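# everything below, folded, please.
(2 chains)
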Protein chains: 2
Amino acid sequence: MNDLNGFDLEDLSLGMTATFAKTITEADIVLFAGVSGDNNAIHINEEFAASTAFGGRIAHGFLTASVISAAIAGRLPGPGSIYLEQRMRFLAPVRPGDTVHATVTVKEIHAERAHVTLGTICRVGNVNVVSGEAMVKVGSLKKREEKKKLALASV
Amino acid sequence: MNDLNGFDLEDLSLGMTATFAKTITEADIVLFAGVSGDNNAIHINEEFAASTAFGGRIAHGFLTASVISAAIAGRLPGPGSIYLEQRMRFLAPVRPGDTVHATVTVKEIHAERAHVTLGTICRVGNVNVVSGEAMVKVGSLKKREEKKKLALASV
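Model prediction:
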């Protein structure tokens, strides 16, 4: 682990997994419209949304998927990791009050570059609402110790 | 165009492009931490962030990329389109006060399924901060008219 309680390259193994869950409230949807600039009627206009196949307002796909960001930054690999890439497929609508469970799983470890590929999935109950894959860069205990040795040797 | 002023399949051609721009403020970063649950120190702790290579707090990559969502939902193809997929690479940090210009460009049109592939890029000044690709489903004027004809024929 690093000083921030995040996982180093040496701590990770294939299949390791972590979940972060968050209820997507009406307030989250309103605030996300504000921070993103996405004021699509399906998210902010109940009268319009009620007239569609969705039957009411739904969360922005990006808002639902952002719970993945929290799972990666806070859980696995956690603090100190650097987010490089995310692919995501929006599979099903999320409504105000739904609790999104974002699960990340170590799928590939590219040790030479300290890059890790994570499977990323968001679920509401038993329904997959977002699927995808992330790539992150992690720290390395070995590299930090080599740096320390070099620093000491140069004193 | 559809009733919401969004582009139909028949309106789109390769190379069509649109941009939506938004300044990412300190308030946006605080609110995004709240709606996503991503409270990584690099986004919310100025003392910590100042001690890193970034030299201060930066926006969440997902927050920057969410301006793409606004460009797609509001401009091209605009209202009525359904967001299916997004790939994104986080290339450079965005700081409070930076204005993100999200540009989307029609790259492929899959007429039989009414799917459109868009190139998506976010810039701050001349720097590409997020690159990627989106897939959206759009409506079709032809299909709507066929439905109307069928409805009239069955009267």
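# low-confidence stretches in chain A?
The model of chain A has no residue with pLDDT under 70.
# so which bits of chain A are right by chain B?
A:4, A:20, A:22, A:28, A:31-32, A:34-41, A:60-63, A:65-67, A:69-70, A:73-74, A:79, A:83-90 (C-beta under 8 Å from any C-beta of the partner chain). All C-beta spots, glycine's among them, are computed from the backbone N, C-alpha and C.
# need the three-state assignment for the most centrally placed residue in chain A.
Central residue of chain A (C-alpha atoms, centre = their mean): A:I68, 1.8 Å from the mean position. Taken by DSSP: H, G, I helix; E, B strand; the rest coil, the conformation at A:I68 corresponds to helix.
# that one reaches A:A102, doesn't it?
Yes - with contacts counted by C-beta atoms under 8 Å, A:I68 reaches A:A102, the gap being 4.7 Å.
# tell me the residues that contact both of these two, please.
A:120, A:122 (C-beta atoms under 8 Å, 6 or more residues apart in numbering or on different chains).
# quick check: the residue nearest to A:S66 when sequence neighbours are not counted vs B:E26, distance?
Closest residue to A:S66 apart from its sequence neighbours, by C-beta to C-beta, 6 or more residues apart in numbering or on different chains: B:S36 at 3.8 Å. B:S36 sits 16 Å away from B:E26, going by C-beta to C-beta, to the nearest Å.
# check A:G61 too.
25 Å.
# residues in contact with the residue nearest to the centre of chain A?
A:I68 touches A:86, A:88, A:102, A:104, A:120, A:122, A:130, A:132, A:134, counting by C-beta under 8 Å, 6+ apart.
# most neighbours out of the residues you listed, which is it?
A:C122 (30 neighbours; other C-beta atoms under 10 Å in any protein chain shown).
# bridged to that residue, which residues?
A:A102, A:V130 (DSSP bridges).
# test my guess that it contacts A:L63.
No - A:C122 is beyond contact range of A:L63, at 10.6 Å (criterion: C-beta under 8 Å).
# could you tell me which residues touch both of the two?
Joint contacts of A:C122 and A:L63 (C-beta under 8 Å, 6+ apart) do not exist.
# quick one: the strands in chain A, in order.
A:17-23, A:82-90, A:99-110, A:115-124, A:127-137 (DSSP state E).
# ok, now which ones touch the nearest residue to A:I58 once chain neighbours are set aside?
Ranked by C-beta to C-beta, 6+ apart and with sequence neighbours excluded, the top spatial neighbour of A:I58 is A:P93, at 4.1 Å. A:P93 makes contact with A:54, A:58-59, A:129 under the criterion C-beta under 8 Å, 6+ apart.
# against chain B, how distant is A:P93?
A:P93 sits 10 Å away from chain B when distances are taken as C-beta to the nearest C-beta, to the nearest Å.
# the contacts of A:P93 in helices, which ones?
Judged by DSSP state H, these include no members of helices.
# please pick the buried ones from those.
Using 16 or more other C-beta atoms under 10 Å in any protein chain shown as the burial test, the contacts of A:P93 include A:58-59, A:129 as buried.
# okay, now the closest residue to A:P77 other than its chain neighbours: neighbour count?
Counting by C-beta to C-beta, 6+ apart, A:P77 lies nearest to A:F7, which is 4.2 Å off, once chain neighbours are set aside. A:F7 has 22 neighbouring residues, counting by other C-beta under 10 Å.
# any idea how far A:F7 lies from B:F48?
Taking C-beta to C-beta, one finds A:F7 at 18 Å from B:F48.
# A:M135 bridge partners, please.
Here A:M135, judged by DSSP bridges, has bridge partners A:E85, A:T117.
# isn't it right up against A:T117?
Yes - judged on C-beta under 8 Å, A:M135 makes contact with A:T117 at a distance of 5.6 Å.
# got the contact list for A:D8?
Contacts of A:D8 (C-beta under 8 Å, 6+ apart): A:1-2, A:138-141.
# out of those, which end up buried?
A:2, A:138-140.
# could you dump those residues to a markdown table with distance to A:A111?
Below are these laid out as a markdown table (distance: C-beta to C-beta, whole Å):
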| residue | distance to A:A111 |
| --- | --- |
| A:N2 | 17 |
| A:V138 | 10 |
| A:G139 | 13 |
| A:S140 | 9 |
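# quick one: which of the residues you listed sit in helices?
Per DSSP H, those never map to helices.
# still on that earlier bit, now the residues of chain A next to chain B: which count as buried?
Buried among those (16+ other C-beta under 10 Å): A:20, A:22, A:28, A:31-32, A:34-38, A:40-41, A:60-63, A:65-67, A:69-70, A:73-74, A:79, A:83-90.
# contact partners for the residue nearest to A:S66?
Here B:S36 is in contact with A:22, A:63, A:66-67, A:69-70, B:60, B:62 (C-beta under 8 Å, 6+ apart).
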